[in-house]
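*Asks:* Here is my input; please provide its structure:
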Amino acid sequence: LLQEINIKQIEMSATSDSPQEGGKEDSNKQRQSNLQRIQQRKQSVREWPQDKKMEKLAIYSSCKADESCKCNGWKNPNPPPNPPRPDAPTPTSTPADPCRTCSHPLSSHVSHLTTVGEDELDRLLGIVVDVENLFMCVHKEEDSDTKQVYFYLFKLLRRCILQLSKPSVEGPLGNPPYEKPSIAKGVTNFVLFKFNHLPPKEWQMMYDLAKMFLHCLNHWKLETPTARKQQMSTEEISAYKVNYTRWLCYCHVPAFCDSLPHYDTTLIFGRSLLKSVFQTMRKQLLDKFRAEKDKMPPEKRTLVLTHFPRFLSLLEEEIYSNVSPIWDPEFKQNPPAHVSAGAGAMGEVAVTGGKKRPGDALEEDSEDVKRRKYEDENLEEAVAEIVGVIEDQNKALGPQAMFPEHAPRDEAAKIEERNKVIEFHCIANSLTDRVPKQTMLWLIALQNVFSHQLPRMPKEYITRLVFDPKHKTLALVKDGRPIGGICFRMFPSQGFSEIVFCAVTSNEQVKGYGTHLMNHLKDYHIRNGVMHFLTFADEFAVGYFKKQGFSKDLKLPKGVYGGYIKDYEGATLMGCELNPKIVYVEFTAVVRRQKEILKKLVERKQEQIRQVHPGLSCFRDGVREIAVESIPGILETGWEPPPQDKFRYKSTRNSDEKADQEHLYNVLKTILTACRNHQSSWPFLNPVDRKAVPDYYEHIKFPMDMKTMAERLKANYYVNKRLFIADMKRMFTNCKEYNAPETEYYNSANYLDKFFTNKLRDHGLIEKV
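*Replies:* I've put the predicted structure just below:
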């Protein structure tokens, strides 16, 4: 085949092999120009005269002279010299020239192309150029895995020319996309999840960094599986090899062989590929930026050397965290209100620099989706307008807006943190690394704070835990000295942390520091993938921990924490489960803002429906009755006419209770069964025995018991709830009337009466207090 390809074409194809040639430093610089050369080559081939096009396609077309001929491509009887001589004339062929293999003329190889249109011929010639490029890739590639893929695609394109078909990669690789959510969607979710609370300028910067990261990944050349064998386990390398092959077939090769369908890496791959390449890509990206920093303008240098590393560090936490919400297929969070054009702007992050996937059925084609999208856009516009009004009102209020009515406990602490009055540092002792002097001084100060604020704790015990390398302390520092902190120990393998000490100096309390300190600790643990807190709280601390979301109802099974945490006598074990979707230091501000927005939305809706309609004049004309739904405005209030098959309600006292006898029967039966099974029900299960208590019926004229009530229920005596309640209350009244207050019977009546009342509330038969 090599002899049949013009040497000049081979040389041009070799230079166009940019993704495989050259070092990493100059490959990116040459990439664009080489791709342009490929397109120029294809354009020039398409401008050839008809006979020259046929000659080129004949090389890749099987002989059609007769069915017995097995020749799969015309071979020139007068091949050009190899190596080529500059003074040698370019040989031309005619349709009558015989094939060097089968001796049939050139026209027999292209007879099936005589009726093909010009556009189809140009498409086939484009595939020919890609075949020649892939031939050189196979020839020059050293990695066996990559060479195998190149050779497969080479044969695939050759077969497409023979069969006049369109290229389609088939086999065990499957069809893209391979994972949901995609990398692009995950990074978009990351920006919304982590940075929605930022001011517009900072949010836009993080948004631009996300686009830059996705653009880099779309043009990144993955390492071969052979090069990564030393860094991965057998199972990991097997999965990586599959993704690498998919990347070659659908992303890398189609970038310079556009006969193949091309997809962006970030649109068809998900978290699994990103986890396998992120650390290597991050290192190489940052090394490249550092090497080129002198060539960058100052603003770009600050962006890529200061903000981009921070962005990548935060993204790395979400990539490798087992509980990150950004990879949840159901994750949904609207962009911040200041983003122009609503959610449409965020869509650019997901598709930056990429082509639409061929054959995709867009969701937007659905009428239902269009309607929802329209409603969402209207809602977003309304919310954005309301937020603008709220912000303008806050500016007009001036200092009063700083501490609004019903401000949360940590509002003052958050303002002090923004003004650099207070700082938060997570510090710990170490037996292996050198501990900074400042850290040691802070630990000593915190030991004094805990000892002073927790007088029941032995000082030696506090000292041992604070300076224990396995324990960490989140320190609240004001004016250079710690005024409070939370000492804790993390158990990452068990998924929880134990809080051992929590205190703020007495003269700095009631300022919201404790709440803000706990919120910082929650965010710290979410970043580290730990979602549960446990602590033993004494009677003075239970109230504080309840306010911070702790409960005696533990979400962790005892087998998870048993044997790990320290047990304190006389203390209450409390737990707290963290929500990874919440940024706790901003939680109160977000909730307050949401309440304000909802209030304004309700007010707007009320303004729309609060209309005064004129009175009904039809009765003056002699009309005696009209349908309720015909009253102007009645349907707008949400009123619905009753079903046609139901009887019209009469204004009797018990009409509401007779509406559904079967439902009432089931509810009363459930309550009566629960009461009969109660531990205090034994005196009331059966009628009082006359032989055992001879004078009972002399004092009690209307006796009642639960056996009699069960018989009445079965006979449908209880047509409404009042009859049932009256019988049960009579039973308790009879007991208390006959028995003295200190007797078991009297107490049983009280206990069962209370239980019965709670059951009535649970089933909605009486109003809840």
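*Asks:* max-length strand in this structure?
*Replies:* Using DSSP state E, we find that the single longest strand of the chain is strand 481-491.
*Asks:* Which strands or helices does the helix or strand that that one is followed by pack on?
*Replies:* Using DSSP states H and E, the helix or strand that follows strand 481-491 in sequence is strand 496-504. Counting contacts by 3 or more CB pairs under 8 Å, 6 or more residues apart in numbering; DSSP states H and E, strand 496-504 packs against helix 437-453, helix 459-466, strand 481-491, helix 513-527, strand 532-537, helix 558-561. C-beta: built from backbone N, CA, C; applies to glycine.
*Asks:* I'd like the average pLDDT over strand 496-504.
*Replies:* For strand 496-504, mean pLDDT is 93.
*Asks:* Low-confidence ranges, the stretch 501-650 of the chain, go.
*Replies:* Along the stretch 501-650 of the chain, the parts satisfying pLDDT under 70 run over 608-610, 622, 638, 642-650.
*Asks:* Is there a neighbour count for the residue lying closest to residue 503 once chain neighbours are set aside? I'd like the number.
*Replies:* Counting by CB to CB, 6 or more residues apart in numbering, residue 503 lies nearest to residue 453, which is 3.8 Å off, once chain neighbours are set aside. Per other CB atoms under 10 Å, the neighbour tally for residue 453 reads 16.
*Asks:* I'd like the distance between residue 453 and residue 487.
*Replies:* Separation of residue 453 from residue 487 (CB to CB, to the nearest Å) stands at 12 Å.
*Asks:* Relative to residue 301, which of the helices and strands packed on strand 496-504 is closest?
*Replies:* Closest to residue 301 of those, according to CB to CB: helix 513-527, at 27.6 Å.
*Asks:* ok, and for that closest one, which residues are buried?
*Replies:* Residues 513-526 are the ones in helix 513-527 that count as buried (16 or more other CB atoms under 10 Å).
*Asks:* Can you tell me the strand partners of the longest strand of the chain and which way each runs?
*Replies:* Applying DSSP bridges to the sheet, strand 481-491 is found paired with strand 472-478 (antiparallel), strand 496-504 (antiparallel).
*Asks:* Need those in JSON lines (columns: distance to residue 683 and mean neighbour count).
*Replies:* As requested, the strands paired with strand 481-491 are exported to JSON lines (distance: least, CB to CB, whole Å; neighbours: other CB atoms under 10 Å):
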{"stretch": "strand 472-478", "distance to residue 683": "58", "mean neighbour count": "22"}
{"stretch": "strand 496-504", "distance to residue 683": "48", "mean neighbour count": "23"}
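*Asks:* got TSV for these, with distance to residue 278 too?
*Replies:* What follows is the strands paired with strand 481-491, written out as TSV (distance: least, CB to CB, whole Å):
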stretch	distance to residue 278
strand 472-478	27
strand 496-504	27
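*Asks:* right, and these - which one's nearest residue 318?
*Replies:* Across the strands paired with strand 481-491, residue 318 has its closest neighbour in strand 496-504 (19.8 Å, CB to CB).
*Asks:* then that closest one to PDB, C-alphas only?
*Replies:* This file holds the C-alpha atoms of strand 496-504, laid out as PDB (Å, rounded to 0.1, in the frame of the first residue of the first chain):
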ATOM      1  CA  PHE A 496     -17.500   9.900  62.500                       C
ATOM      2  CA  SER A 497     -15.700  12.300  64.800                       C
ATOM      3  CA  GLU A 498     -15.800  12.500  68.600                       C
ATOM      4  CA  ILE A 499     -16.000  16.000  70.100                       C
ATOM      5  CA  VAL A 500     -14.300  15.800  73.500                       C
ATOM      6  CA  PHE A 501     -14.100  19.500  74.500                       C
ATOM      7  CA  CYS A 502     -16.000  22.600  73.400                       C
ATOM      8  CA  ALA A 503     -15.700  25.900  75.200                       C
ATOM      9  CA  VAL A 504     -15.400  29.700  74.800                       C
END
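*Asks:* before we move on, the earlier item: for residue 167, which of the strands paired with strand 481-491 is the nearest?
*Replies:* Relative to residue 167, the nearest member of the strands paired with strand 481-491 by CB to CB is strand 496-504, separated by 53.5 Å.
*Asks:* so how far is residue 553 from residue 230?
*Replies:* Taking CB to CB, one finds residue 230 at 49 Å from residue 553.
*Asks:* show me what contacts residue 319?
*Replies:* Residues near residue 319 by CB atoms under 8 Å, 6 or more residues apart in numbering: 271, 274-275, 278.
*Asks:* Distance of it relative to residue 455?
*Replies:* Distance of residue 319 to residue 455, given as CB to CB: 46 Å.
*Asks:* next one: residue 117
*Replies:* Separation of residue 117 from residue 455 (CB to CB) stands at 94 Å.
*Asks:* Residue 314: how many residues sit nearby?
*Replies:* Residues near residue 314, counting by other CB under 10 Å, number 15.
*Asks:* Then the one 4 residues further on?
*Replies:* By other CB under 10 Å, 22 other residues sit near residue 318.
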